[in-house]
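[1] Predicted coordinates and the sequence they were generated for:
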Amino acid sequence: MNTTTSVRTLLGGLILAAATVGAWWAWLGWDTGYTVDPETGATSGPYAPWQVVGCVLTLAVIAAVGGWLLGPWVVAPVMTAAFTIAWAAHAASTDDTGLWAVGAVLVLVGTAVGTTVVSVGVRLIRRRRTGRPAG
């Protein structure tokens, strides 16, 4: 790996991490309120379904662009770490039960699987379209 490639990968990884944390903040990071249904008494939240869907779609776009430009070996670990750390830090600071740790593991696994599938898929498409190696 030459210096130009190393710098490009480092800067790309930093931008990828910032975009990932930005997606978390834009969709989920600001919402801390829970909703209680007046008829059933059921509590839900802090996120509405539209927030989670929006966040997942945004992360998919970030992973796709990252997979095309940087490759899955950068995208999956960087996005997984950035999103999980952002989510877990916020959850730990607002949870009295300790269940945030279970949620963090689920977020870690889901983010790892999702970013890997998207970035590998996009990288394979790039290889077929451009003839460039996928690795």
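    Noted; the coordinates are in hand.
[2] From here on, just use CA atoms for contacts and neighbour counts.
    OK.
[3] Could you list the low-pLDDT ranges of the protein?
    The model of the chain has pLDDT under 70 over residues 1, 32, 44-45, 132-135.
[4] Would you map the helices across it?
    3-24, 49-69, 72-94, 100-130 (DSSP state H).
[5] Tell me how far the third one lies from the chain's centre.
    Its chain's C-alpha centre and that of helix 72-94 lie 7 Å apart, by C-alpha atoms, centre = their mean, to the nearest Å.
[6] picking that back up, ok, which of the helices of the chain comes nearest residue 43?
    Closest approach to residue 43 among these (C-alpha to C-alpha): helix 49-69, 14.0 Å.
[7] Mind listing what's buried along that closest one?
    Buried residues in helix 49-69, counted by 16 or more other C-alpha atoms under 10 Å: 51, 54-56, 58-60, 62-69.
[8] Throw the helices of the chain into CSV and include distance to residue 42, thanks.
    What follows is these, written out as CSV (distance: least, C-alpha to C-alpha, whole Å):
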stretch, distance to residue 42
helix 3-24, 26
helix 49-69, 16
helix 72-94, 20
helix 100-130, 20
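[9] mind checking which of these is nearest residue 31?
    Ranking these by proximity to residue 31 (C-alpha to C-alpha) places helix 49-69 first, at 9.4 Å.
[10] Extract the C-alpha trace of the closest one and format it as PDB.
    Written as PDB, here are the backbone C-alpha positions of helix 49-69 (Å, rounded to 0.1, in the frame of the first residue of the first chain):
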ATOM      1  CA  PRO A  49     -40.500   3.500  13.500                       C
ATOM      2  CA  TRP A  50     -40.000   6.200  10.900                       C
ATOM      3  CA  GLN A  51     -36.800   7.300  12.700                       C
ATOM      4  CA  VAL A  52     -35.300   3.800  12.600                       C
ATOM      5  CA  VAL A  53     -36.200   3.300   9.000                       C
ATOM      6  CA  GLY A  54     -34.700   6.700   8.000                       C
ATOM      7  CA  CYS A  55     -31.500   5.900   9.900                       C
ATOM      8  CA  VAL A  56     -31.200   2.400   8.400                       C
ATOM      9  CA  LEU A  57     -31.700   3.800   4.800                       C
ATOM     10  CA  THR A  58     -29.200   6.600   5.500                       C
ATOM     11  CA  LEU A  59     -26.600   4.100   6.800                       C
ATOM     12  CA  ALA A  60     -27.200   1.900   3.700                       C
ATOM     13  CA  VAL A  61     -26.500   4.800   1.400                       C
ATOM     14  CA  ILE A  62     -23.300   5.600   3.400                       C
ATOM     15  CA  ALA A  63     -22.200   2.000   3.300                       C
ATOM     16  CA  ALA A  64     -22.900   1.800  -0.400                       C
ATOM     17  CA  VAL A  65     -20.800   4.900  -1.200                       C
ATOM     18  CA  GLY A  66     -18.100   3.700   1.100                       C
ATOM     19  CA  GLY A  67     -18.100   0.300  -0.400                       C
ATOM     20  CA  TRP A  68     -17.700   1.700  -3.900                       C
ATOM     21  CA  LEU A  69     -14.900   4.100  -2.900                       C
END
